[in-house]
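A.B. asks: Provided below for reference: sequence and predicted model.
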Amino acid sequence: MIGYYVHHQGSGHLHRALAVARAWVAQGGEVTGLSSAERPREWPGPWVRLPLEDVTDPAVAVDPTAGGALHWAPRGDGGLLARQGAISGWLASARPRAFVVDVSAEVAWLVRLHGVPTVTVVQPGHRADDAHLAAYRSASALVAPWPAAAEQRVAGGFTPRLPLDVRTRVQPVGAISRLGTTGLDAGPARPAPDPGHAVVLQGRGGGRLTEESATDLGRRLPRWRWTVLGGGGTWVEDPAAVLASAGLVVAQAGLGSLADVAALRRPAVVVPFPRPYDEQHATARVLAAGDWPVVVAASGAEALREETLDAAAALDGEAWRGWVDPDAPARVAKAVAEVALP
């Protein structure tokens with residue numbers, strides 16, 4: 001048995017966790033998910049629903065960083081006490097062989113303090129603060145859900161400022177898409193895109209690319225047939241069919257959205273949104289330095305201009321080949337197996 005902590009914000013962590021958990025189970029293992037998110041029906045094992053903290057406002061929380069040593073551990077928070085207690089209780093009863101953390105510096109430390117080896121997922125951005133470095137250095141393995149080749153043209157790659165002793169331990173396994181096992185990225189089996197269909201893909205992580213509806217965009221940019229997913233538009237649990245029909249995608253620079261777009265080989269306009277540690281801006285920097293079929297725009301307004309859309313539409317989506325690796329979940333599972341207790 002292994003444990004798998006899944007951050008509840010957005011959907012990218014969960015989609016990645018599902019792929020890795022399936023790979024682990026396919027190798028004969030067992031996995032329990034621990035998260036404040038609801039258990040997904042596809043999860044291949046038990047699920048522990050964790051309480052949320054009572055206080056989420058930094059202006060109200062009391063010493064939430066413990067003097068800068070942590071990211072979020074406000075003093076006197078009953079929800080936090082219940083949350084960490086639930087994790088500790090599960091560790092004591094389940095006695096896992098290893099634990100995947102995607103992502104939380106505090107959870108990584110808590111698990112390691114129980115003597116359980118951790119495999120920590122590294123995110124893009126400036127993560128050389130004390131809390132991140134402590135979590136990374138205490139991990140038995142570090143895995144990164146992006147292709148190693150993407151970092152070759154830009155100094156520091158996805159994680160500028162990481163010290164050398166940490167950077168050299170990070171294993172880029174390739175991007176992980178929720179579409180990686182659907183067959184939609186399997187060459188001739190992929191549905192043919194409609195060159196006139198543009199999809200605005202917005203996730204659950206916060207922020208919108210546009211307040212315009214598909215109808216509004218159609219009036220302003222009539223050369224395209226528009227679909228707006230997420231945000232104020234349509235929400236679908238599985239956007240595969242919609243994305244597969246698109247000739248062009250406009251998306252934020254989150255790893256999950258990029259992986260789905262890349263799996264379907266669609267050219268894209270990518271907008272980095274403000275995120276902690278400049279996560280999406282670090283990713284956009286890597287994209288802009290490479291030969292990937294993207295145009296990086298500074299804002300949703302810039303992304304949804306005719307000249308920006310035309311520039312992206314002229315790119316060859318097949319240039320995404322190599323971003324998503326169908327073996328990436330198995331590589332993470334292998335990293336877990338290599339550090340797991342007997």
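C.D. replies: Right, received. Where do you want to start? None of the values given here were measured: they were computed from a predicted structure.

A.B. asks: In the helix ranked longest in the chain, which residues are buried?
C.D. replies: Looking across the chain with DSSP state H, the single longest helix is helix 78-94. Using 16 or more other Cβ atoms under 10 Å as the test for burial, helix 78-94 gives G79, L80, R83, Q84, I87, W90, L91, A94. Where you see a C-beta, it was placed from the backbone N, CA and C, and this is true even at glycine.

A.B. asks: Tell me the spacing between the fifth one and V101.
C.D. replies: I87 sits 11 Å away from V101 when distances are taken as Cβ to Cβ, to the nearest Å.

A.B. asks: now the first one
C.D. replies: Distance, G79 to V101, by Cβ to Cβ: 19 Å.

A.B. asks: returning to that earlier point: using CSV, lay out the buried residues of helix 78-94 together with distance to A61.
C.D. replies: As requested, the buried residues of helix 78-94 are exported to CSV (distance: Cβ to Cβ, whole Å):
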residue, distance to A61
G79, 11
L80, 10
R83, 14
Q84, 15
I87, 20
W90, 25
L91, 26
A94, 30
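
A.B. asks: Find the pair from those with maximum spatial separation.
C.D. replies: Farthest apart among the buried residues of helix 78-94 by Cβ to Cβ are G79 and A94. That separation is 22.2 Å.

A.B. asks: quick revisit: where do the contact lists of I87 and V101 overlap?
C.D. replies: Taking Cβ atoms under 8 Å, 6 or more residues apart in numbering as the contact criterion, the common neighbours of I87 and V101 are Y5, V107, V111.

A.B. asks: Quick check: which ranges of the stretch 151-300 of the chain have low pLDDT?
C.D. replies: When the per-residue scores of the stretch 151-300 of the chain are filtered using pLDDT under 70, the ranges that remain are 181-191, 204-206.

A.B. asks: Apply 90 and report the result again.
C.D. replies: 152-153, 178-193, 202-207, 230-241 (pLDDT under 90).

A.B. asks: Tell me which of the shared contacts of I87 and V101 fall in helices.
C.D. replies: In helices, judged by DSSP H, the following of the shared contacts of I87 and V101 are found: V107, V111.

A.B. asks: From the shared contacts of I87 and V101, pick the one nearest R49.
C.D. replies: When the shared contacts of I87 and V101 are compared for distance to R49 (Cβ to Cβ), Y5 comes out closest, at 12.4 Å.

A.B. asks: quick one: contacts for that closest one?
C.D. replies: Shown here is Y5, whose contacts under the criterion Cβ under 8 Å, 6+ apart are G33, L34, S35, I87, F99, V100, V101, D102, V103, S104, V107, V111.

A.B. asks: Kindly report the same for L209.
C.D. replies: Counted by Cβ under 8 Å, 6+ apart, L209 has contacts V200, Q202, G231, V250, A251, Q252, V271, G300, A303, L304.

A.B. asks: Would you map out the domains in the chain?
C.D. replies: Under automatic domain parsing, the residue ranges defining each domain of the chain are 2-176+326-339, 187-320.

A.B. asks: which one is L52 nearest to, not counting chain neighbours?
C.D. replies: In space, and not counting its chain neighbours, L52 is closest to S36: 5.1 Å by Cβ to Cβ, 6 or more residues apart in numbering.

A.B. asks: any idea how far A134 is from the one you found?
C.D. replies: The spacing between S36 and A134, counted by Cβ to Cβ, is 22 Å.

A.B. asks: Could you pull out the buried residues of whatever helix or strand G218 lives in?
C.D. replies: G218 belongs to helix 214-220 when elements are defined using DSSP states H and E. Buried positions in helix 214-220, judged by neighbour count with 16+ other Cβ under 10 Å: A214, L217.

A.B. asks: And stretch 237-248, by the same measure?
C.D. replies: Residues of stretch 237-248 classed as buried under the neighbour-count rule (16+ other Cβ under 10 Å) are P239, A240, V242, L243, A244, S245, A246, G247, L248.

A.B. asks: likewise stretch 52-66?
C.D. replies: Of the residues in stretch 52-66, those buried by neighbour count under the rule 16+ other Cβ under 10 Å are E53, D54, V55, A61, P64, T65.

A.B. asks: same deal with stretch 145-154?
C.D. replies: Neighbour-count burial for stretch 145-154, counted by 16+ other Cβ under 10 Å, picks out P145, W146, P147, A150, E151, V154.

A.B. asks: In helices, which of those residues appear?
C.D. replies: When DSSP H defines the helices, the subset of the buried residues of stretch 145-154 inside them is empty.

A.B. asks: CSV please, covering the residues you listed and showing distance to A17.
C.D. replies: Converted to CSV, those look like this (distance: Cβ to Cβ, whole Å):
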residue, distance to A17
P145, 11
W146, 16
P147, 20
A150, 22
E151, 23
V154, 28
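
A.B. asks: I'd like the list of the residues you listed that fall within strands, please.
C.D. replies: Taking DSSP state E as the definition of strands, the buried residues of stretch 145-154 contribute nothing to them.
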